[in-house]
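> generate a structure from the sequence data that follows.
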Amino acid sequence: MSRVDALSDDDFLDAPPGFRSEAHKTRASTWIGMTAAVYFLVQMVLPQVINFTMMPGFVGRPFGMQFPNFAIAAVHDERLWYVIFDAMAGPSASSKLKSMTLDGQSEGRELSVGFDVKGLASLDGALWAVGNSQVAMIVEGSPVVIHPARSLVQPSAPFRWGTELGVIDRDDQGRFTLLRLSDGEWLDRGEIVWPGEEDRPADALEPETGPPSARELAMRNYSQSASGASERHLWVVGDGEQGYLFAAEGPNLAGSPFVGRFTSLSYGARYWFRPSRLDDGDPSAWIELRLHPNPATAAIGDIPPAFALLDGELTMIRLVNDSTSSSTGTLEALHVDEATAEVTSFAKLPISGASSVRGLADTEADRIVVVCDTLTGGAELRRLHSTGFDEIRAKNSGMLGELFRQYWPAYLALAFATIVPMLIFVVTSDVLMRKARTFLTRRGKRTVRQSTLLRRGVARFIDGIVFSLPTTVAMWAYFWTLDLNDLVARFRNDWAPVVIEFAWFFGILTAVGFGILIVMAILEGYWGISPGKWICGLRVIRKTTLKPPGFLRAMARLILLIADSMFNYIPAVVLIGLTADQQRIGDFAADTIVVTADSYRASQPEAISFA
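As a prediction, this is how the structure comes out:
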């Protein structure tokens, strides 16, 4: 077929402004519209596909990711074992266990035990996990699950009792019962009399096989709200020769091992301990511990002290904050005199950002492993000897690290799902426009050449980097240096200053952003340039005068560019591709066009250099 035969009626019509012919405009309009529709669907659908395939837990339960819960932990076989916490899984969910070396250099694989774990303990070469209706003995990573006939209501963490396991269970009436696991069944060893309730019968607590003993500290905070405004905790501290029962009661006690890492305890609570062996002495002979009030009452001061046995001596570890507005403070170790109930400090260590403290005895090494949970930064492990704290500071990934570890491939895929389709859309539309358009605008005897879409896109990308750089750097610098645990502490203590601080910061960022917008409007309004347009050799001018548009028109153009960005620039690309002078919404409002710098200078009566 010859070229003459291929001509259509459209080829003999006057070409529409800006296009080679009516046929070219029709084809370009059709294909650009189809490309825009495909791009819109990809931008709407592809991120959701990535979310549901690569981040199912995050999408289904945005606050239900799995994080380390050091409120339930134990030292076993030179490793710290802890429960993986899932805030949204519910009380019936199966717990997963994980471990890390005491130097924090290596984390082990996850281990599922098949039930909700309430406490961990190390006993005779095995790690024991206790739930309401099950008990698991874990040897070399393999759990053996036992189903006792008696179900526990609200069990404490387990502790060593002779050669077997013991727990303290609190029933629905608030009674605490001492139980011992024997031949796979929980045996009732009597009710524990709460301090101040000596009028109730004092039950004998003699174990059959000797006093409690532990290779590690058998102390865990046991927490459950009692009736009224007061809450009660009961836990055990003991080793092979000496055992202690501890009790704590007071308002705002909210730190059970089930939610412990997200709450704090009132430091004003009363503490009692019973300095007798479990097989000896009056079980009602509670002694109140004499704790001096904390100098400040910020969240770090509300953290309950931990108790452990160090070389057979009762030891308390607590955090004392420096001020009411900071989470920095001192990790302090104190000896407890069981005769006078006085405490004496013997070791201190500066620390920052801790939200809880746990003391886990490692009797094989004659030390206490102190676990300081930092909410967002994971656990810091400190070792306490009779001579003081070790300098070694181990730390695991924590909440933010777990988020990055679990979902960084999805974040990367989302970034590509946003950038790559947009690049394909712009390049495809640019190719279609080059085939269909003339890129010329005439005003009288003067002619200017319009910019290609790709060139405008590159200029816009450069402008975005240059003008967002100050606010981005400022924001990253602020949040990079921000101690989130300190923020939480200050917010809990007095939220108003924290809110004012954030308001000032974001107010300053907003002012800087508005100032950048003004500078950009001045550059485009009076010289027709921006950093990106200067680099790419482009100018913004009025369509009617072929002169820079002025400040107000440039400002209107930039504000409407923000509106275009809300729709991923789809309306802007479509309008640039289909209108006679390649104008987006902002160009229509400001009466502007984007042209090459060379054609702009050639159209002026006197050449102007912007070099």
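
> can you give me the strands for the stretch 51-200 of the chain?
Here the stretch 51-200 of the chain has its strands, by DSSP state E, counting those that start in this stretch, at 66-76, 79-86, 96-101, 111-112, 119-123, 126-130, 135-139, 142-146, 159-161, 164-170, 176-182, 185-192.

> need those strands in a markdown table with distance to Q582, can you?
Backbone N, C-alpha and C define where each C-beta goes, glycine included. Converted to a markdown table, these look like this (distance: least, Cβ to Cβ, whole Å):
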| stretch | distance to Q582 |
| --- | --- |
| strand 66-76 | 51 |
| strand 79-86 | 53 |
| strand 96-101 | 58 |
| strand 111-112 | 60 |
| strand 119-123 | 68 |
| strand 126-130 | 68 |
| strand 135-139 | 69 |
| strand 142-146 | 68 |
| strand 159-161 | 77 |
| strand 164-170 | 75 |
| strand 176-182 | 79 |
| strand 185-192 | 80 |
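
> want to throw the ones you listed into a markdown table with mean pLDDT?
Formatted as a markdown table, the entries for the strands of the stretch 51-200 of the chain read as follows, by pLDDT from 0 to 100:
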| stretch | mean pLDDT |
| --- | --- |
| strand 66-76 | 79 |
| strand 79-86 | 81 |
| strand 96-101 | 86 |
| strand 111-112 | 86 |
| strand 119-123 | 88 |
| strand 126-130 | 92 |
| strand 135-139 | 92 |
| strand 142-146 | 90 |
| strand 159-161 | 80 |
| strand 164-170 | 85 |
| strand 176-182 | 87 |
| strand 185-192 | 85 |
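
> looking at these, spot the one closest to W504.
Closest of these to W504 is strand 66-76, at 31.1 Å (criterion: Cβ to Cβ).

> what's that closest one packed up against?
Secondary-structure packing of strand 66-76 (3 or more Cβ pairs under 8 Å, 6 or more residues apart in numbering; DSSP states H and E): strand 79-86, strand 96-101, strand 119-123, strand 356-362, strand 367-373, helix 398-436.

> turn these into JSON lines, including distance to G507.
As requested, the helices and strands packed on strand 66-76 are exported to JSON lines (distance: least, Cβ to Cβ, whole Å):
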{"stretch": "strand 79-86", "distance to G507": "36"}
{"stretch": "strand 96-101", "distance to G507": "42"}
{"stretch": "strand 119-123", "distance to G507": "48"}
{"stretch": "strand 356-362", "distance to G507": "34"}
{"stretch": "strand 367-373", "distance to G507": "33"}
{"stretch": "helix 398-436", "distance to G507": "26"}
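
> quick one: which of these is nearest M44?
Smallest distance to M44 across the helices and strands packed on strand 66-76 (Cβ to Cβ): 10.6 Å, for helix 398-436.

> quick check: mean pLDDT across whatever helix or strand comes next after the closest one?
Scanning the chain past helix 398-436 towards its C-terminal end, the next helix or strand to appear is strand 440-443 (assignment: DSSP states H and E). Along strand 440-443, the predicted confidence averages to a pLDDT of 84.

> please save the CA atoms from the helix or strand following strand 440-443 in CSV.
Scanning forward in sequence from strand 440-443, with DSSP H and E defining helices and strands, the next element found is strand 446-449. Written as CSV, here are the backbone C-alpha positions of strand 446-449 (Å, rounded to 0.1, in the frame of the first residue of the first chain):
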residue,chain,number,x,y,z
ARG,A,446,7.7,35.2,18.7
THR,A,447,7.9,31.4,19.1
VAL,A,448,9.0,29.3,22.1
ARG,A,449,9.5,25.6,22.4
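
> strand 446-449 pairs with which strands, and in what direction?
strand 440-443 (antiparallel) (DSSP bridges).

> with just CA atoms, put the strand it pairs with into CSV.
Provided in CSV are the C-alpha atoms of strand 440-443 (Å, rounded to 0.1, in the frame of the first residue of the first chain):
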residue,chain,number,x,y,z
LEU,A,440,5.7,25.0,19.7
THR,A,441,3.9,28.0,21.1
ARG,A,442,3.6,31.2,18.9
ARG,A,443,2.7,34.6,20.1
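
> mind listing what's buried along that strand?
Judged by neighbour count using 16 or more other Cβ atoms under 10 Å, the buried positions of strand 440-443 are T441.

> what does stretch 438-457 give?
Judged by neighbour count using 16+ other Cβ under 10 Å, the buried positions of stretch 438-457 are 439, 441, 448-457.

> do stretch 526-545 as well
Within stretch 526-545, the residues scored as buried using 16+ other Cβ under 10 Å are 527-530, 532-534, 536-543.

> what does stretch 569-583 give?
Under the neighbour-count rule (16+ other Cβ under 10 Å), stretch 569-583 has 569-570, 572-578, 580-583 buried.

> who's in contact with it?
If you take Cβ atoms under 8 Å, 6 or more residues apart in numbering as the criterion, stretch 569-583 is touched by 16-19, 25, 28-29, 32-33, 36, 39-40, 422, 425-426, 429, 432-433, 437, 439, 441, 450-451, 453, 456, 543, 561, 564, 584-585, 587-588, 592-594.

> what's the end-to-end length of that stretch?
Start and end residues of stretch 569-583 are separated by 13 Å (Cα to Cα, to the nearest Å).

> swap in stretch 346-357?
End-to-end distance of stretch 346-357 (Cα to Cα): 17 Å.

> now it: mean pLDDT?
Stretch 346-357 shows an average pLDDT of 76 in the prediction.

> and what of stretch 519-533?
Averaging pLDDT along stretch 519-533 yields 94.

> what's the first-to-last distance across that stretch?
Across its full length, stretch 519-533 reaches 14 Å end to end, with Cα to Cα as the criterion.

> ditto for stretch 174-191
Counting by Cα to Cα, you get 11 Å between the two ends of stretch 174-191.

> now that stretch: buried residues?
For stretch 174-191, by 16+ other Cβ under 10 Å, it's 176-182, 186-187, 189-191.

> now do stretch 138-147
Residues 138, 143 are the ones in stretch 138-147 that count as buried (16+ other Cβ under 10 Å).

> so what touches that stretch?
Counting by Cβ under 8 Å, 6+ apart, stretch 138-147 makes contact with 97, 111, 113-115, 125-129, 133-137, 184, all of which sit outside it.

> coming back round to it: out of the strands of the stretch 51-200 of the chain, flag the one nearest A306.
A306 lies closest to strand 66-76 among these, at 11.3 Å (Cβ to Cβ).

> strand partners of that closest one, parallel vs antiparallel please.
Sheet neighbours of strand 66-76, with direction, are listed as strand 79-86 (antiparallel) (DSSP bridges).

> show residues contacting the partner strand.
With Cβ under 8 Å, 6+ apart as the test, strand 79-86 has contacts from 64-75, 93, 95-102, 108, 110, 117, 120, 127, 261, 360, 369, 371, 379, 381.

> got the angle between it and strand 367-373?
Orientation note: strand 79-86 sits at an angle of 20 degrees relative to strand 367-373 (axes from the mean of the first three to the mean of the last three Cα atoms, to 10 degrees).

> and the angle for strand 79-86 with strand 356-362?
Compare the direction of strand 79-86 with that of strand 356-362 by the same axes, to 10 degrees and you get 140 degrees.

> okay, the angle between strand 79-86 and strand 126-130?
Going by the same axes, to 10 degrees, strand 79-86 makes 30 degrees with strand 126-130.

> by how many degrees do strand 79-86 and strand 119-123 diverge?
Put simply, strand 79-86 runs at 160 degrees to strand 119-123, going by the same axes, to 10 degrees.

> for strand 79-86, C-alpha coordinates in CSV please.
In CSV, the C-alpha atoms belonging to strand 79-86 read as follows (Å, rounded to 0.1, in the frame of the first residue of the first chain):
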residue,chain,number,x,y,z
ARG,A,79,21.3,-17.8,77.7
LEU,A,80,18.5,-15.4,78.5
TRP,A,81,15.2,-17.0,77.5
TYR,A,82,12.1,-14.8,77.1
VAL,A,83,8.6,-14.9,75.6
ILE,A,84,7.7,-13.3,72.3
PHE,A,85,4.9,-10.9,73.1
ASP,A,86,1.9,-10.3,70.8
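
> circling back to that earlier point, any idea which of the buried residues of stretch 174-191 is closest to I508?
Nearest to I508 among these is F176, at 54.3 Å by Cβ to Cβ.
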